[in-house]
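> sequence unknown, structure follows:
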């Protein structure tokens, strides 16, 4: 799949899955803020095409002063689940002082939330966001009951670790 096709698939996934209420999630969309960010042109997609993933990601993070999210698309065969997790964890430690957090989505690590597969599945995604904005949004969602039926495992892996 070329970059144009992949970008179109990603946009459809954001519009038709990520931003759409799901009955298995108590009629909440998987990410209640994604649709508005996308429609407001606050999401940028970058395609990884270099050997140095860390430098590639960090070279784009300055854009978070004007954007809500940068989505990095990486070929699935480029990096395995554990290597990606280790590299993102390392980056998150070094980026925390800049109020930036990275969240990864690897097609080979299925994320199942109450029977809903949350993965994009067509490539690796790394989402870059301002940590404070993400935590504020999570707090708003918690107050509205968004996480009420989330299993503890999912809550820890998606939300709680960011506050430690």
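Sure thing, it's come through. Only a predicted model underlies this, so the values are computations on that prediction, with no experimental measurement involved.
> name the residues of stretch 36-50 that are buried.
37-38, 43-46, 48 (16 or more other C-beta atoms under 10 Å). To be clear about C-beta, it is placed using only N, CA and C from the backbone, and glycine gets the same treatment.
> same question, stretch 95-113
Those would be 95, 100-102, 104-106, 113, for stretch 95-113 by 16+ other C-beta under 10 Å.
> which residues touch residue 133?
residue 68 (C-beta atoms under 8 Å, 6 or more residues apart in numbering).
> then it would be within a helix, right?
Yes - under DSSP: H, G, I helix; E, B strand; the rest coil, residue 133 sits within a helix.
> so how far is residue 11 from it?
Residue 133 is 22 Å from residue 11, where distance means C-beta to C-beta, to the nearest Å.
> any low-confidence regions in this structure?
The chain contains residues with pLDDT under 70 at 50, 164.
> now the helices for it?
3-13, 34-39, 53-58, 81-95, 131-143, 152-158 (DSSP state H).
> tabulate these (CSV), appending distance to residue 73.
Below are those laid out as CSV (distance: least, C-beta to C-beta, whole Å):
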stretch, distance to residue 73
helix 3-13, 6
helix 34-39, 15
helix 53-58, 11
helix 81-95, 13
helix 131-143, 20
helix 152-158, 20
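> right, so of those, which gets closest to residue 123?
helix 3-13 (6.4 Å; C-beta to C-beta).
> grab the most central residue of the chain for me.
Nearest to the mean C-alpha position of the chain, by C-alpha atoms, centre = their mean, lies residue 127 at 3.9 Å.
> nearest residue to it in space, ignoring adjacent ones along the chain?
residue 103 (4.5 Å; C-beta to C-beta, 6 or more residues apart in numbering).
> ok, the one you found touching residue 131?
No - counting by C-beta atoms under 8 Å, residue 103 stays clear of residue 131, with 10.4 Å between them.
> next, the contact list for residue 70, please.
43-46, 60-61, 63-64, 127-129.
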